[in-house]
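1. Sequence first, predicted coordinates after that:
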Amino acid sequence: MALSDDFDVVQLFVEFSLEWLDNRGYALTVDADLSNWTAVMAASTDAFVNPTFDPRHASLSAANSFWLDVRSGSHTIATCAARLFVTDDFLALMRTQRLWQDEPPPELGTLAITARRGMPIIASHIGHEGGLWVHPRHRKRGLSVILPHLTRALCVREWDVDWQTGVTQRGIGERGIARSAYGMRHVEPCFEGYFPPTRSLERLYFAYMDREELIAGLDRDTVAGLLPDRHQQPRHLRALVKER
């Protein structure tokens, strides 16, 4: 697919997403000030303030980060965040913990991040997504599908990324949601042990896709098939129930 075709796909998906949100009474703002995202997360009893997207731990600006602020009326009811990393080895950022802090304290040491045999080297311009949160009253309506897809579409449009990545905890990774709802092509366990950002024992999963997979994943008909109408559960949730 030619580069211009990539951006055509991206723009069509952005327009599809905006229409989907508008039809359901949601308003979207793309905000470059991640301190606003941090404030929303800190005020939510069921949200995790991921330091990757927290300006208190990283040098963030409009050139390398943004977050999606979805509102119903005057209240933020859903979020998703993204950052740009330019590196010759993304897994090294995880091992040194520089994915979560620009300058990790030396006493934190390194994380024993593992990679499956044959995993490609993930390097160059990398979009990293996370910070997904939906208010309990607005869950199971498709926001956890549309927002990750829209986030990576904007990563292509804004930063022309070569890869898209994410890190999920045990619940999301083991239940297959990062693949079935968020649309990540590869989701693999990468770490188990004490995880300093949460100060607890965690099992982490590394999610990633290359540029070609990212663009293919923005097929509007495919994504629409994962989204519920106003009276149905999302298809990915029904599939999980059938698998159990």
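-> Now that the structure is in, tell me what you want to look at.

2. Tell me where this protein has helices.
-> Along the chain, the stretches classed as helices by DSSP state H are 3-23, 34-43, 90-95, 143-159, 170-175, 177-180, 211-216, 220-226, 235-243.

3. Any idea how many residues pack against the nearest residue to Met184 once chain neighbours are set aside?
-> Of all residues not flanking Met184 in the chain, Ala207 sits nearest, at 3.9 Å (C-beta to C-beta, 6 or more residues apart in numbering). In short, each C-beta sits where N, CA and C put it, glycine included. Close neighbours of Ala207, defined as other C-beta atoms under 10 Å, add up to 24.

4. Tell me if I'm right that Ala207 and Gly183 touch.
-> No. Contact criterion C-beta atoms under 8 Å: Ala207 and Gly183 do not qualify, at 9.5 Å.

5. which non-adjacent residue is nearest Gln97?
-> Using C-beta to C-beta, 6+ apart, the nearest residue to Gln97 is Pro104, at 4.2 Å.

6. Same question for Phe13.
-> Leu218 (4.3 Å).

7. related to what we said a few turns ago, any idea which of the helices of the chain is most buried?
-> helix 143-159 (a mean of 24; mean count of other C-beta atoms under 10 Å).

8. Now do it: distance to the chain's middle.
-> Put simply, helix 143-159 sits 8 Å off its chain's centre (C-alpha atoms, centre = their mean, to the nearest Å).

9. CA atoms only: put it into CSV for me.
-> The C-alpha trace of helix 143-159 is given here as CSV (Å, rounded to 0.1, in the frame of the first residue of the first chain):
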residue,chain,number,x,y,z
LEU,A,143,-15.6,3.0,23.7
SER,A,144,-12.9,0.5,24.6
VAL,A,145,-12.9,-0.6,20.9
ILE,A,146,-13.1,2.8,19.2
LEU,A,147,-10.6,4.7,21.3
PRO,A,148,-7.5,2.4,20.9
HIS,A,149,-8.1,2.2,17.1
LEU,A,150,-8.6,6.0,16.9
THR,A,151,-5.5,6.6,19.0
ARG,A,152,-3.2,4.6,16.7
ALA,A,153,-4.8,6.2,13.6
LEU,A,154,-3.8,9.6,15.1
CYS,A,155,-0.3,8.2,15.8
VAL,A,156,0.1,7.5,12.1
ARG,A,157,-1.3,10.9,11.1
GLU,A,158,0.7,12.9,13.6
TRP,A,159,4.0,11.0,13.8
